[in-house]
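Asks: Need the 3D shape of this:
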Amino acid sequence: MRSFDLIVIGGGHAGIESAFTAEEMGCSVALITMDKYAMGRMSCNPAIGGTAKGHLVREIDALGGAMGKIADKTGIQFRMLNKSKGPAVWSPRCQSDRNLYSAEALKFISSVKNIEILEDYVVEILAENHAIHGIKTQKEGFIKSSAVILSSGTFLNGLMHTGLKSTTGGRFGEKPAMGITESLEKLGFESGRLKTGTPPRLRKDSINWDILEEQAGDENPQPFSHFTPKNKFPYLPQVSCFITHTDENVHRILEKGFDRSPMFTGLIKGVGPRYCPSIEDKIARFKDKKQHQLFLEPEGLESDIIYLNGFSTSLPADIQSEA
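Replies: Just a heads-up that it's a prediction; the model follows:
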């Protein structure tokens, strides 16, 4: 029987910080993930920081965390947002290379002495007399621990909607985590759902770049981490993002799919984050607005995929394509 001081379930941003911090405190840690090469994988747009979130990354770094260091190593555009306003709302942000971020996250966590990465599938969290005593996995079976940190992101009984079609999955092409929610409900926890969305991606060669507004990074970019040597930063070539807008024609096309929207037909009952409303939600709530801003963001130096920030949607695929 294997035993650890702490088990961390999930290898995303929160899982990495939890495992690393616990090891720094002298704990032996098992970090369990379905795929170690998905460590720190950016589920939505490949970026770190932004309004409010950038301050959080800096605070994590001040506490000795990993995110700022990894972001600095893999950022392909660094930009301080809100510079036209007062310093209180300036927000650091970087566009990251999606693949390089995961590779650097795995390299970072693999180098930490008392963290063992286990590629496994957790099916149950075990407790007796209101105290955790371990977990049950598909491969290892029972693993003993008196503490478990659950940082599974979108994977717990994950359900993905495109129009009236729904499929199970933690992310596109990845299976959900089944069993953990049910085991927690047996212990008396209540479960619910949150909604998040993602936009369709674009191919670089399908875009007319000449009609877009270029948004370059800062001329003298600042790293996230206090520990990043300024003489080596930035580590990677820097690229631009681009800006455009929807128009009334696009809005009419999108509205054609509202009767098949899982948000408007009641298939999605969860509440979404305030800072990232879907494009159909923006059109329905702000009927007086004739356009909405969109950002075209590269997913990596070697990638031909562009992330269309601002176009998050769960409308049917045919409507997305036409719009």
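Asks: I'd say residue 155 and residue 179 touch.
Replies: No. Using CB atoms under 8 Å, residue 155 is not in contact with residue 179, being 11.3 Å away. Heads up, the C-betas are built off the backbone N, CA and C, glycines and all.
Asks: distance of residue 59 from residue 323?
Replies: 38 Å (CB to CB, to the nearest Å).
Asks: Tell me how many other residues surround residue 306.
Replies: Residues lying near residue 306 (other CB atoms under 10 Å) number 19.
Asks: and residue 49, what are its bridge partners?
Replies: Beta-bridge partners recorded for residue 49 (DSSP bridges): residue 93.
Asks: how many neighbours does it have?
Replies: 26.
Asks: For residue 276, report the pLDDT, please.
Replies: Residue 276 carries a pLDDT value of 75.
Asks: gap between residue 55 and residue 200?
Replies: Taking CB to CB, one finds residue 55 at 30 Å from residue 200.
Asks: Do you have the strands of the stretch 1-150 of the chain handy? List them.
Replies: 2-3, 6-9, 29-33, 47-49, 75-81, 91-96, 115-119, 122-128, 131-137, 141-144, 148-150 (DSSP state E, counting those that start in this stretch).
Asks: My read is that residue 245 contacts residue 289, right?
Replies: No. Using CB under 8 Å, residue 245 is not in contact with residue 289, being 10.1 Å away.
Asks: Partner strands of the host helix or strand of residue 214, with direction?
Replies: Using DSSP states H and E, residue 214 falls within strand 213-215. Strand pairing for strand 213-215, using DSSP bridges, gives strand 241-245 (antiparallel).
Asks: After the partner strand, heading C-terminal, what element do we hit next?
Replies: helix 248-255.
Asks: which outside residues touch that next one?
Replies: 279, 280, 283, 290, 291, 313, 315, 319, 322, 323 (CB atoms under 8 Å, 6 or more residues apart in numbering).
Asks: swap in stretch 187-206?
Replies: Outside stretch 187-206, the residues touching it (CB under 8 Å, 6+ apart) are 43-44, 125, 127, 154, 156-157, 181, 184-185, 263, 268-273, 276, 278-279, 296, 298-299, 304-314, 320-321.
Asks: Can you get me the start-to-end distance on stretch 162-174?
Replies: End-to-end distance for stretch 162-174: 16 Å, by CA to CA, to the nearest Å.
Asks: to the chain's geometric centre, what's the distance from it?
Replies: In this view, stretch 162-174 has its centroid 16 Å away from the chain centroid, taken as CA atoms, centre = their mean, to the nearest Å.
Asks: just for the stretch 201-323 of the chain, where's the confidence low?
Replies: 272-275 (pLDDT under 70).
Asks: Residue 67 and residue 21: what is the separation?
Replies: 12 Å.
Asks: With residue 27 instead?
Replies: Distance from residue 27 to residue 21, by CB to CB: 9 Å.
Asks: What of residue 156?
Replies: Counting by CB to CB, the gap from residue 156 to residue 21 is 22 Å.
Asks: list the contacts for residue 291?
Replies: 245, 246, 247, 248.
Asks: Give the PyMOL command for selecting the buried subset of those residues.
Replies: Buried members of the contacts of residue 291, defined by 16 or more other CB atoms under 10 Å, are picked up in PyMOL with:
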select buried, resi 246
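Asks: any idea which of the contacts of residue 291 is closest to residue 239?
Replies: residue 245 (21.3 Å; CB to CB).
Asks: Residues in a beta bridge with the nearest residue to residue 183 once chain neighbours are set aside, which ones?
Replies: Using CB to CB, 6 or more residues apart in numbering and skipping the chain neighbours, the partner closest in space to residue 183 is residue 124 (4.3 Å). In this structure, residue 124 bridges to residue 136 when assessed by DSSP bridges.
Asks: Residue 124 contacts residue 181, correct?
Replies: No. Between residue 124 and residue 181 there is no contact, the gap being 10.4 Å when judged by CB under 8 Å.
Asks: For the residue of the chain most remote from its centre, give its distance to residue 214.
Replies: Most distant from the centre of the chain: residue 129, at 35.2 Å, with distances by CA atoms, centre = their mean. Per CB to CB, residue 129 is found 61 Å from residue 214.
Asks: Same question for residue 194.
Replies: 35 Å.
Asks: now residue 314
Replies: Distance from residue 314 to residue 214, by CB to CB: 30 Å.
Asks: Kindly report the same for residue 260.
Replies: Taking CB to CB, one finds residue 260 at 36 Å from residue 214.
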